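Asker: below: sequence and its predicted model.
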Amino acid sequence: MPTNMISKVLEKAVLPLDVAPPVKKGPASRTSVRRNPNMERLQNGYLFPEISMRREAHEKKYPDAKVISLGIGDTTQPIPSIVTSAMAEYSLALSTPEGYQGYGPEQGQKSLRKAIADVVYPNMGIRDTEVFISDGAQCDIARLQMMFGRDVTIAVQDPTFPGYVDNGVIMGQTGPAAVDEESGGSRYAGIEYMRCAPENAFFPDLSRVRRTDVIFFCSPNNPTGHAASRDQLRQLVDFARRNGSIVVFDSAYASYVSGDDKPRSIYEVPGAREVAIEISSFSKFAGFTGVRLGWAVVPDELLYADGTRVARDFDRVVTTCFNGASSVAQAGGLACLATEEGRAAVARVVAGYKENARVLVDTFQALGKEVYGGDDSPYVWVRLFPGRRSWDVFAEILEKTHVITVPGSGFGPGGEGFVRVSAFNSRDRVVEACARLTSFLA
Ligand code: PLP
């Protein structure tokens with residue numbers, strides 16, 4: 001075909017610019033850009049920014065009040081110096097010609113991948129090449145959802161950490177949200193919500209769960225604090241194997257598990273390598289919420305229906321959307337794991353938070369409240385006033401005691417009626433918060 005004819009054909013094939021329906025501009029907008037409809041679909045603000053706004057408003061109202069936050073699950077205690085010294089040393093070396101390093105491998109430094117495989121997953125057959133270092137579990141959730149794409153169906157625990165659902169909504173995996181009649185909370189069409197409540201030992205009745213492509217499962221759970229038993233996780237893995245689903249197991253709180261009867265990793269369960277990805281984090285284990293470091297394990301045996309290795313696609317996403325975790329943070333991560341001294345130092349901080357959780361549980365128990373969690377988790381899940389809505393309870397606690405909690409309904413309809421109380425604070429503040437709660441609730 002002569003070139004001028006080709007350009008005629010192409011000219012016709014190009015859609016005229018005015019083909020998109022005209023977008024009505026808002027009052028201050030200078031653009032005609034259509035908002036992503038999936039963003040419109042997201043309900044309210046993200047839970048934690050909403051709580052921060054309410055805290056700010058409360059502090060304006062009561063400028064002299066000493067607000068104690070047992071809300072947002074942010075760590076508060078200093079990072080052990082063995083870890084920060086390793087980061088400082090690494091940083092200083094960056095100022096020298098010999099110590100300078102630029103981009104590292106996108107998947108993370110070999111030494112850290114190996115330390116995670118050896119120390120976090122002993123005898124579980126995890127290879128260092130299956131560990132992908134990241135800037136945190138939250139970011140891995142988004143990258144995994146991007147990898148799965150818009151056409152997968154997902155299941156989540158109810159209540160659940162909001163990141164799995166919100167990233168699914170942004171990807172377009174769901175329909176619109178509708179109000180749940182019973183709880184007043186909202187549910188997105190297309191998501192399978194697996195109720196996890198005291199009545200079912202915080203584990204769903206899988207015979208009544210609809211099959212989905214991906215199942216997000218967090219244990220120890222945020223927000224309920226429940227750590228799944230070995231038998232429960234075995235049921236989950238069997239369910240995924242029977243249905244050909246992929247489990248994304250979030251073990252961000254694994255270091256809080258007490259004793260050996262509850263698994264710290266999904267790979268403690270036989271058969272998990274063929275159906276499960278695990279995401280985890282240094283945030284709650286080493287106080288890295290600000291430093292930012294996490295990892296995902298994608299086993300070689302985990303395959304899509306067409307036989308493609310899931311790890312191959314995850315690697316592609318990681319190399320395309322992320323250029324690797326900060327090398328300084330990775331030096332710190334290595335210091336947490338590589339020596340007995342480092343491991344003991346971070347374990348002491350976790351033990352301190354666990355002791356706080358015990359103080360909280362004891363307080364609520366002494367007040368005769370229905371309380372869960374705290375044994376294997378920094379979170380305590382409590383029903384303070386049966387029959388009342390979580391946001392009302394949150395507001396009343398804040399008003400009367402200046403203590404911030406998190407309303408359970410923010411984690412899904414199944415959380416309605418509960419509040420989550422976090423053990424992330426100093427012992428003094430936790431004790432002070434307990435004294436205030438006791439004088440209000442007794
Ligand atoms: N997963 C769960 C269950 C969490 O509770 C959190 C943070 O609170 C995250 C992931 C995010 O962790 P990161 O700080 O590693 O992004």
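Answerer: Perfect, thanks for sending it.
Asker: of all the residues in stretch 280-298, which ones are buried?
Answerer: For stretch 280-298, burial by neighbour count (16 or more other Cβ atoms under 10 Å) applies to 280-289, 291-298. Heads up, the C-betas are built off the backbone N, CA and C, glycines and all.
Asker: er, stretch 188-195 I mean
Answerer: Y188, I191, Y193, M194, R195.
Asker: is it true that R127 touches E301?
Answerer: No: under the criterion of Cβ atoms under 8 Å, R127 is not in contact with E301, lying 10.9 Å apart.
Asker: out of the buried residues of stretch 188-195, what pair is the most spread apart?
Answerer: Spatial extent of those (Cβ to Cβ) is set by the pair Y188 and R195 at 15.4 Å.
Asker: V165 against A155, yeah?
Answerer: No: contact criterion Cβ under 8 Å: V165 and A155 do not qualify, at 10.5 Å.
Asker: could you list the low-pLDDT ranges of the stretch 1-150 of the chain?
Answerer: The stretch 1-150 of the chain contains residues with pLDDT under 70 at 1-23, 44-46.
Asker: up against the ligand, what does it have?
Answerer: G73, G136, A137, Q138 (Cβ under 6 Å from any ligand atom).
Asker: these: which two are farthest apart?
Answerer: By the measure Cβ to Cβ, G73 and G136 form the most distant pair in these, at 12.8 Å.
Asker: quick one on the thing from earlier: so what's in contact with V165 and A155 at the same time?
Answerer: I191 (Cβ atoms under 8 Å, 6 or more residues apart in numbering).
Asker: check contacts around the closest residue to the ligand within the stretch 301-442 of the chain.
Answerer: The ligand sits closest to Y379 of the stretch 301-442 of the chain, with a gap of 8.6 Å, by Cβ to the nearest ligand atom. Going by Cβ under 8 Å, 6+ apart, Y379 touches 73, 220-225, 253, 357, 373, 420-423.
Asker: again, 7 Å this time
Answerer: Y379 makes contact with N222, P223, G225, G373, R420, S422, according to Cβ atoms under 7 Å, 6 or more residues apart in numbering.
Asker: how close does it get to T31?
Answerer: Y379 sits at a distance of 42 Å from T31 (criterion: Cβ to Cβ, to the nearest Å).
Asker: would you map the helices across the stretch 1-150 of the chain?
Answerer: Remark: helices assigned in the stretch 1-150 of the chain by DSSP state H, counting those that start in this stretch are 3-13, 37-41, 47-61, 81-93, 110-115, 137-148.
Asker: include mean neighbour count and distance to F314 when you put those helices into TSV, please.
Answerer: Below are the helices of the stretch 1-150 of the chain laid out as TSV (neighbours: other Cβ atoms under 10 Å; distance: least, Cβ to Cβ, whole Å):
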stretch	mean neighbour count	distance to F314
helix 3-13	9	35
helix 37-41	12	22
helix 47-61	14	27
helix 81-93	16	27
helix 110-115	20	14
helix 137-148	22	6
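Asker: state the number of residues packed around S229.
Answerer: 16 (other Cβ atoms under 10 Å).
Asker: which non-adjacent residue is nearest it?
Answerer: Using Cβ to Cβ, 6 or more residues apart in numbering and skipping residues adjacent in sequence, the residue nearest S229 is K262, 5.8 Å away.
Asker: how about the one you found, what does it touch?
Answerer: Counting by Cβ under 7 Å, 6+ apart, K262 touches A227, A228, S229, R230, D376.
Asker: who wins for neighbours among the residues you listed?
Answerer: Greatest neighbour count in those, by other Cβ under 10 Å, goes to A228: 27 neighbours.
Asker: what is the neighbour count of T76?
Answerer: By other Cβ under 10 Å, 16 other residues sit near T76.
Asker: so it makes contact with S426?
Answerer: Yes: counting by Cβ atoms under 7 Å, S426 is a contact partner of T76 at 6.3 Å.
Asker: domains of this protein?
Answerer: 42-72+342-441, 81-339 (automatic domain parsing).
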